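Engineer: 3D model of this:
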Amino acid sequence: MIELNPRDPIAACAEMVQKGDPDRFLATMTGAVEERKRLFPLYAFNLEISRAPFMSQEPMVAMIRLQFWRDVIEAATDGREAPKHDVATPLSQLVIWGDLRAAPLLTMLDARERDAQGAPRRDAGQIRTYLRDSAGALMLAAGQATGLTDFEGDHARDQALTDLGEAAGIANWLMSQPALKAAGRGHVVPDDGTIRELSEAGLAAIDHAYTVLGKDGNAALRSAWRSRAILRQAQKSPHSAVDGTLGQSEFSRRGSLLWRSLWGRW
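Structural biologist: Residues are numbered from 1 along each chain as shown. Model (predicted):
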């Protein structure tokens, strides 16, 4: 683990991401310092809200936690910085300074509130909607934070970023099947047909993102660096998602990111 200064909120966010979201941590570390300062609070926020629905069996407890973050974002849109907090303070500053739009952050919260309320996701369409509103909105926010789309937004680029985020979300969701099943909370194990349908949709979304965004990448785009390989594997062997064998070796995982970083690709 890298040494971080716990008194620095950006460092605290980075440490949280390193522990809780190692793929995004590694991808972010390939970026410039300014990119890291913007991405680590965003990814720490994503961790905070994604965990909330699973921290209690009582939906109201999760809703209270999520309302805290909604209040932080809505206050920031009015120019009010959050009280001292490792994640909320730097996140609110990014919204106030215009480095992050509030809209995708609120969309992410909407998705997690549906999580807390136990909203069913039993078919590919419901799953894709959920992942688009969570991982897709996260990629859109990361794209804005790193200058891939401006504050006013560019429809084509915003769509491509959301598509790419959805694809990464599908890959991560398929990788998480054993853990989700163990967590319970009404999780429905997808059948082979649904897994293939999701994998094909994710691969098509990556192709569309390449067409619009090009193949040159930055730290935000590289957060999806494993997605194509995982989706291809799931498409070929759907049951690997259910039995926990989906994924790459550690050598392949890190090696492919290093290659992309050296060549400026994603």
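Engineer: who touches stretch 116-136?
Structural biologist: 50, 52-53, 59, 62-63, 66, 107-108, 110-112, 114-115, 161-163, 165-166, 168-170, 172-173, 185-186, 188, 190, 194, 197-198, 201 (Cβ atoms under 8 Å, 6 or more residues apart in numbering). C-betas here are computed from N, CA, C, even on glycine.
Engineer: and the helices in the stretch 151-266 of the chain?
Structural biologist: 155-175, 177-183, 192-213, 219-222, 227-236, 239-243, 250-262 (DSSP state H, counting those that start in this stretch).
Engineer: dump these to JSON lines, plus distance to residue 29 and mean pLDDT.
Structural biologist: Listed next are the helices of the stretch 151-266 of the chain as JSON lines, based on distance: least, Cβ to Cβ, whole Å; pLDDT from 0 to 100:
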{"stretch": "helix 155-175", "distance to residue 29": "17", "mean pLDDT": "97"}
{"stretch": "helix 177-183", "distance to residue 29": "24", "mean pLDDT": "85"}
{"stretch": "helix 192-213", "distance to residue 29": "21", "mean pLDDT": "97"}
{"stretch": "helix 219-222", "distance to residue 29": "8", "mean pLDDT": "97"}
{"stretch": "helix 227-236", "distance to residue 29": "18", "mean pLDDT": "96"}
{"stretch": "helix 239-243", "distance to residue 29": "28", "mean pLDDT": "93"}
{"stretch": "helix 250-262", "distance to residue 29": "9", "mean pLDDT": "83"}
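Engineer: closest one to residue 102 among the ones you listed?
Structural biologist: helix 155-175 (14.5 Å; Cβ to Cβ).
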